[in-house]
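Peer 1: let's see this in three dimensions:
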Amino acid sequence: MKTSLIEYVEQKQKKPAEKLPKFNVGDTVRVHFRIVEGEKERVQVFEGVVIARKGRESANATFTVRRVVYNEGVERVFPLHSPRIEKVEVIREGQVRRAKLYYLRERMGKAARVKAKQRSTKPESASAGE
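Peer 2: Model prediction:
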């Protein structure tokens, strides 16, 4: 009985699949996060590289975004299904070969960059005829 009750509550907390942003580890994202200061609410934007995703699509799934501010690395963990997340914009898609990019913590400057995904310039129909 208790597991079904927990599953029910988790399902109520989850956002619908069409509202979930589509992004992967290595992508540069801009997270619009609603914060409360006193009695006022405002949207704060946090832009950086997604270095980890945990929990797949479960109700307690999270993703970690890393950015460098004044030569100091700042990481922030966001709950994927949080009602405080207004939206997640994908600025740039990255091409990586790892599920977690924790090695970026030791790297600085150009060494900490993630390669951008290559876009095919040829139309799909033209390459099929050759």
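Peer 1: give me the longest helix you can find in this structure.
Peer 2: helix 2-13 (DSSP state H).
Peer 1: C-terminal to that one, what's the next element?
Peer 2: As assigned by DSSP states H and E, the chain's next helix or strand after helix 2-13 is strand 28-37.
Peer 1: each with direction, which strands does that following strand pair with?
Peer 2: Sheet pairing of strand 28-37 (DSSP bridges) gives strand 40-54 (antiparallel), strand 85-92 (antiparallel).
Peer 1: restricting to C-alpha, output the shortest one in PDB.
Peer 2: Written as PDB, here are the backbone C-alpha positions of strand 85-92 (Å, rounded to 0.1, in the frame of the first residue of the first chain):
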ATOM      1  CA  ILE A  85      12.100  26.200 -13.000                       C
ATOM      2  CA  GLU A  86      10.400  28.500 -15.500                       C
ATOM      3  CA  LYS A  87      12.200  27.100 -18.600                       C
ATOM      4  CA  VAL A  88      15.500  25.600 -19.800                       C
ATOM      5  CA  GLU A  89      16.900  27.000 -23.000                       C
ATOM      6  CA  VAL A  90      19.500  25.000 -24.900                       C
ATOM      7  CA  ILE A  91      22.100  27.500 -26.200                       C
ATOM      8  CA  ARG A  92      24.500  25.000 -27.700                       C
END
